[in-house]
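1. sequence plus predicted model, see below.
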Amino acid sequence: MEQRGAEQPPRIRARVPAQGRPEAVRGRHPADADGAVTHAVAAPPAAPSAAPRVAAPAAPSAAPAESSAAPSVRKPQRHSVRAQVLSALRDALLSGELAPGAVYSAPALAESFGVSPTPVREAMQQLAVEGAVEVVPNRGFRVAERTPRDLAELGEVRAMLEVPAVLRLARTLPPERWEELRPLAAATVTAAGHGDCVAYAEADRAFHRALLALTGNRQLTLVADDVQRRTTWPCAATRVGVADLLADASDHMALLDALQAQDLPLTERIARDHLTGNRFLH
């Protein structure tokens, strides 16, 4: 794979409200953003047409957004912009438009977003903590490349966390409680049917977060969610199609059926196969 250096950034179209005003969009990450970003990220090489800028772009050598050249932004609003940029970058990683192995600089990405480099660097540092990118000194950030073994091991870790928790819930919750999760499971089926990897990843995480939240263990929910993020990989890198997404989504419905029937052996088998089946690794 040819690596793109910081001097050849992707052309990214985004709207980041200058005063932190939220705008509803598809692809928002509810767990991360306290505002929203409307964005579409095009993988390099980009189409020749450029999107209009809502916020004035900061040139690579420009002062931060708090300078007199940009609207004054209070600290909470900066955090909102960071969350919006983080959401946009996550979508770009999921879609494969920020390619595994490629290197991107914060100033170049900031110019595409029309924001200062600071929130982009902060967002990229968060992605580095999550293992999605790696810091390349004096160059920027390289999108991490995971092997099938990496993803299989992460799936095993998820099973260690989630399967025992689900079995405990199966023994203690009344069958009618599982109906609460039906709309979330249905949302995964809808996203899968559209072949939308970004929407499916969001719906899938929402289902698993709600499932584990029933345990009342906040730390378990947070840790499992972090591991799930690490298992999510671009459709382009794994050649995931509609059939793969639909098969994965159907596991959610089947799991709820088994839980309502209080069939513990079937519940364990479906949950374990769903987390470790490596459907997306081929």
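-> Right, received. Where do you want to start?
2. for this protein, what helix or strand is lowest in average pLDDT?
-> strand 38-41 (a mean of 38; mean pLDDT, DSSP states H and E).
3. list the helices and strands the longest helix seen in the chain packs on?
-> Taking DSSP state H as the criterion, the chain has its longest helix at helix 148-172. In terms of contacts (3 or more C-beta pairs under 8 Å, 6 or more residues apart in numbering; DSSP states H and E), helix 148-172 is packed against helix 197-213, helix 218-231, helix 242-260, helix 264-276. Bear in mind the C-beta positions are built from the backbone N, C-alpha and C, glycine included.
4. so for residue 174, which of these sits nearest?
-> Proximity to residue 174, assessed across these by C-beta to C-beta, is greatest for helix 242-260 (9.6 Å).
5. that closest one vs helix 197-213, what angle?
-> 10 degrees (axes from the mean of the first three to the mean of the last three C-alpha atoms, to 10 degrees).
6. buried stuff in helix 242-260?
-> Neighbour-count burial for helix 242-260, counted by 16 or more other C-beta atoms under 10 Å, picks out 244-246, 248-256, 258-260.
7. tell me which of the residues you listed is nearest to residue 92?
-> residue 245 (18.9 Å).
8. can you tell me, leaving aside adjacent residues, what's nearest to the closest one?
-> Using C-beta to C-beta, 6 or more residues apart in numbering and skipping residues adjacent in sequence, the residue nearest residue 245 is residue 192, 3.5 Å away.
9. measure that neighbour to residue 162 for me?
-> 20 Å (C-beta to C-beta, to the nearest Å).
10. okay, those two: which has more neighbours?
-> residue 192 (25 against 22; other C-beta atoms under 10 Å).
11. the one helix or strand residue 125 maps to relative to helix 218-231, how many degrees between them?
-> Remark: residue 125 resides in helix 117-129, with elements defined by DSSP states H and E. Using the same axes, to 10 degrees, the direction of helix 117-129 lies 100 degrees away from that of helix 218-231.
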